[in-house]
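Q: prediction below, plus the sequence it came from.
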Amino acid sequence: MRVLVADKFEQSGIDGLNAAGCDVVYQPDLADQALADAIRTGGADVLVVRSTKVTEPMLDAGTLSLIVRAGAGVNTIDVAAASKRGIYVSNCPGKNSIAVAELAFGLVLALDRRIPDNVAELRAGSWNKKEYSKAKGLYGRTLGLLGFGSIGQEMARRAQSFGMPVLVWSRRFTMRGAAALEDLPPGLEVTVINSPEELVERADVVSVHLALTKETRNFVGADLFTRMKTGAFFVNTARGEVVDYAALAEAVKTRNLRVALDVFAAEPAAATAAFTDPVIGLPNVYGTHHIGASTDQAQEAIAAESVRIIRTYKDSGKVPNVVNLSSKTPATHMLVVRHRDRPGVLAHVFAHLRGGNINVQETENIIFEGAQAAIARINLDGEPPAPLMQAIAGNDDILNLHLVKI
């Protein structure tokens, strides 16, 4: 199996892929047309990327069967185009959670104690203890988390150690209610809030941990900013597109928000480049260079998980952490076929289904002990008419046939 790694990747990951018997091509600077060309000429089965964009023309260029995002989100990959071509898309959820939470909480501390401004004045030769002795402190102040996945949970753990009450709002709580609370790790003391509006009204510090989807684009906008407490802290280490930065800039000016950002809506594609964003030039706004997941610990964990995904796929055909398999197929009926375990029996069934213009959505074939008989469960997108069922049953190797409505 040939693996093209088109982004920076840990040496331990390269070694792990080689040990798994993969043919590894490591070209971390590939992007755009150069990446499409490499896919076209290199014969890669698997593509590994971090922040590099994967577009539909790239998928058309070669014969990829799996794309691994060496990180959590998959917003840089055209997942819909991959799904249309039957290409698995997998990621490494949770492996950088601690790293992102560490940065996010570090930014909260920086906002409270104005650490960057302290450092800047000292480097400029100015001693201003009177000014920088002004800080509220974090103990007893309320942290509000928009989103409560693995990163949000790590934030809650750190907040508890600082004596901060934690409020959380998550779409899964909205959808699943109290049942979602059963999934939480023991020891997390949090209060679930029914709406993001209520959360931002009650929190002293608001930290964003939402994945980027169609529903969350510009999710944090003017309505939420105007509800925040005057002088509240706002931190975003999730995705720049989740926040309306124009509305944020206005809130900095009118509500005296103190802001720390690790992500931006229009980030440079290159690792080093010129960068401008109106919000970062405002007073009381700190920024970092989208480095939340960039610790040695996190990258080693992500490399190990990427190797596990690819090794599992190579050895078993199964892909861990797939993000683009349908949770519910269009199947309406299940055809259950008990049959002798002989060549051509299922081919007979499928040929008749094809003749009846009925599509097979999913198939499972279970072998009985002794390998003399088997039972096939075949999910269909329609109901076979009686004559078609009779034609299928006409094979002497079919022992029993019945239809179940799904």
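A: Nice, thanks for sending it over. Residues are numbered from 1 along each chain as shown.

Q: CA only for contacts and neighbour counts going forward, please
A: Noted.

Q: any idea which helix or strand in this structure has the lowest mean pLDDT?
A: Sorted by mean pLDDT, DSSP states H and E, the helices and strands of the chain end with helix 178-181, the least confident at a mean of 61.

Q: isn't residue 82 up against residue 60?
A: No. Using Cα atoms under 8 Å, residue 82 makes no contact with residue 60, being 9.5 Å away.

Q: between those two, who's got more neighbours?
A: residue 82 (22 against 15; other Cα atoms under 10 Å).

Q: the residue minimising distance to the centre of the chain and residue 94, how far apart?
A: Most central in the chain under Cα atoms, centre = their mean is residue 73, positioned 3.2 Å from the mean C-alpha point. When distance is defined by Cα to Cα, to the nearest Å, residue 73 is 10 Å away from residue 94.

Q: please apply the same query to residue 243.
A: Distance from residue 243 to residue 94, by Cα to Cα: 22 Å.

Q: then residue 300?
A: Taken as Cα to Cα, the span from residue 300 to residue 94 is 13 Å.

Q: mind listing the shared neighbours of the two?
A: Contact with both residue 300 and residue 94 is made by no residue, according to Cα atoms under 8 Å, 6 or more residues apart in numbering.

Q: name the element residue 302 belongs to?
A: helix 296-316 (DSSP states H and E).

Q: now the element after that helix, going C-ward?
A: For helix 296-316, the following helix or strand on the C-terminal side (DSSP H and E) is strand 333-340.

Q: output that following strand as PDB - backbone C-alpha positions only.
A: Extracted C-alpha coordinates of strand 333-340, given in PDB (Å, rounded to 0.1, in the frame of the first residue of the first chain):
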ATOM      1  CA  HIS A 333     -36.400  -3.700   3.200                       C
ATOM      2  CA  MET A 334     -34.100  -6.400   4.300                       C
ATOM      3  CA  LEU A 335     -33.900  -9.600   2.300                       C
ATOM      4  CA  VAL A 336     -32.800 -12.500   4.500                       C
ATOM      5  CA  VAL A 337     -31.400 -15.400   2.500                       C
ATOM      6  CA  ARG A 338     -30.400 -18.700   4.200                       C
ATOM      7  CA  HIS A 339     -28.300 -20.600   1.700                       C
ATOM      8  CA  ARG A 340     -25.800 -23.300   1.200                       C
END
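
Q: that older thread, now name the helix or strand holding the residue nearest to the centre of the chain.
A: Going by DSSP H and E, residue 73 is not part of any helix or strand.

Q: and for the residue lying closest to residue 339 once chain neighbours are set aside, the neighbour number?
A: In space, and not counting its chain neighbours, residue 339 is closest to residue 398: 4.3 Å by Cα to Cα, 6 or more residues apart in numbering. Neighbourhood size, residue 398 [other Cα under 10 Å]: 21.
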